[in-house]
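Undergrad: Using only what follows, build the 3D model:
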Amino acid sequence: EENKVLREKLRERSRFENIVYGSPKMMELMGLVARVAPSPATVLIRGESGTGKELVATAIHQASPRAAKPMVKVNCAAIPETLLESELFGHEKGAFTGASQRRVGRFEEADGGTLFLDEIGDLSPSLQVKLLRVLQEREFQRVGSNLTLRTDVRLIAATHHDLEEAMKKGRFREDLYYRLNVITIHLPPLRERKEDIPLLIDHFLKKYSKENQKEVFDVSKEARAALLRYPYPGNVRELENIIERAVVLCRGTSITTQDLPFHLLDGRSERLWQPTGKGKTLPESLEEIERDLILKSLREHQGVQTKAARALGISERVLRYKIRKYQIDTSQLSSGEEGLRLPAEGTVLNS
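TA: Below you'll find the model as predicted:
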């Protein structure tokens with residue numbers, strides 16, 4: 001019986017070789033992925049930014065009977081609402097200003113395969129209704145057309161948002177939530193799967209040494225200790241960016257603390273993760289930590305958002321969103337400044 005379980009786990013490892021893991025949490029999760037993959041059921045992948053939701057979605061597709069068909073990926077947060085409907089469902093020539101020819105949408109492109117909708121929590125109410133129809137009826141219409149088209153698509157959605165809270169506030173449809181929530185996969189943050197950090201360090205070290213044609217074989221004891229100690233608010237994506245940066249900067253064959261970002265070494269990251277006071281919920285505490293890290297990175301890079309985003313392991317678009325969310329007044333930022341002042345209520349913020 002033990003040998004049978006071991007063989008099954010080895011089969012799972014070989015099928016999902018692009019995902020690096022060894023922790024009990026991830027082994028359990030990948031077992032679920034293996035069981036879910038053969039089914040046509042809708043899957044909702046949840047987890048913080050940078051945890052690898054797209055990677056898991058790809059693994060599900062590649063292990064499914066639809067693997068030979070297309071997997072089409074759409075980031076709902078990266079496309080303006082006015083264009084997203086056309087992106088998903090396509091449009092007819094003349095449907096709107098600038099529609100000079102017919103366009104096939106993502107649902108048509110993915111026919112017979114898998115459509116991955118990342119950041120599903122950012123969908124507008126009107127698009128939520130249209131997506132619900134596709135899930136219920138398996139049909140849709142192009143923008144500017146009355147012709148109903150059928151679709152055979154497996155939908156995998158992902159979000160870092162609290163959809164239950166969004167439902168309470170009326171921002172996310174309850175009926176769509178239950179259509180999406182057939183099978184839910186919760187990806188743990190990297191700080192909850194610390195056993196995987198050494199494996200990921202070695203994986204990214206090999207990857208970026210090869211990409212940069214450098215002979216960087218190892219990480220010094222001190223640098224590895226700093227990497228293992230850091231809480232990674234940006235999760236696996238942040239770790240990957242840190243290792244890539246270190247490989248590029250490394251002057252020898254071993255990464256040292258000199259090749260690591262300052263915030264990994266100054267002890268601040270550990271202090272940030274101490275209890276933040278009585279009466280605060282986990283989301284409130286995490287937001288406080290995230291805001292502090294963003295402020296620190298902006299200060300370190302004199303307000304240059306491209307550099308700050310790169311150091312944080314997030315896109316510039318996500319950084320702009322966070323700046324607005326936390327009301328960070330970037331106009332008050334200068335290299336010699338001790339602190340940042342928050343703008344008065346109603347102030348228009350830079351982005």
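Undergrad: all strands of this protein, in order?
TA: 43-46, 71-75, 114-118, 139-141, 148-150, 154-159, 183-186, 218-219, 254-255 (DSSP state E).
Undergrad: mind listing what the fourth one pairs with, with the direction of each?
TA: When you say that, I think you mean strand 139-141. In the sheet, strand 139-141 lines up against strand 148-150 (antiparallel) (DSSP bridges).
Undergrad: Mind listing what's buried along the strand it pairs with?
TA: residue 149 (16 or more other Cβ atoms under 10 Å). All C-beta atoms are positioned from the backbone trio N, CA, C, and that covers glycine.
Undergrad: what does it contact?
TA: With contacts defined as Cβ atoms under 8 Å, 6 or more residues apart in numbering, strand 148-150 is touched by 107, 108, 138, 139, 140, 141, 142.
Undergrad: where does this protein dip in pLDDT?
TA: 1-15, 94-95, 100, 266-286, 332-351 (pLDDT under 70).
Undergrad: Output the longest helix belonging to it.
TA: helix 282-300 (DSSP state H).
Undergrad: Point out the other helices and strands that that helix packs with.
TA: Helices and strands touching helix 282-300, by 3 or more Cβ pairs under 8 Å, 6 or more residues apart in numbering; DSSP states H and E, are helix 268-272, helix 305-312, helix 316-325.
Undergrad: what's the closest of those helices to residue 78?
TA: helix 316-325 (6.6 Å; Cβ to Cβ).
Undergrad: Residues in contact with that closest one: which ones?
TA: In contact with helix 316-325 (Cβ under 8 Å, 6+ apart) are residues 49, 77-78, 290-291, 294, 305-306, 308-309, 312, 314, 328, 330, 349-351.
Undergrad: I'd like the distance from it to the chain centre, please.
TA: Taking the mean of its C-alpha atoms, helix 316-325 sits 14 Å from the chain's own mean (Cα atoms, centre = their mean, to the nearest Å).
Undergrad: With just CA atoms, put it into PDB.
TA: Provided in PDB are the C-alpha atoms of helix 316-325 (Å, rounded to 0.1, in the frame of the first residue of the first chain):
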ATOM      1  CA  GLU A 316       4.000  48.700 -12.400                       C
ATOM      2  CA  ARG A 317       0.300  48.500 -13.000                       C
ATOM      3  CA  VAL A 318      -0.200  46.600  -9.700                       C
ATOM      4  CA  LEU A 319       2.000  49.100  -7.900                       C
ATOM      5  CA  ARG A 320      -0.100  52.000  -9.200                       C
ATOM      6  CA  TYR A 321      -3.200  50.300  -7.900                       C
ATOM      7  CA  LYS A 322      -1.600  49.800  -4.500                       C
ATOM      8  CA  ILE A 323      -0.500  53.500  -4.400                       C
ATOM      9  CA  ARG A 324      -4.100  54.500  -5.000                       C
ATOM     10  CA  LYS A 325      -5.500  51.900  -2.500                       C
END
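Undergrad: got the angle between that helix and helix 282-300?
TA: Interaxial angle, helix 316-325 versus helix 282-300 (axes from the mean of the first three to the mean of the last three Cα atoms, to 10 degrees): 110 degrees.
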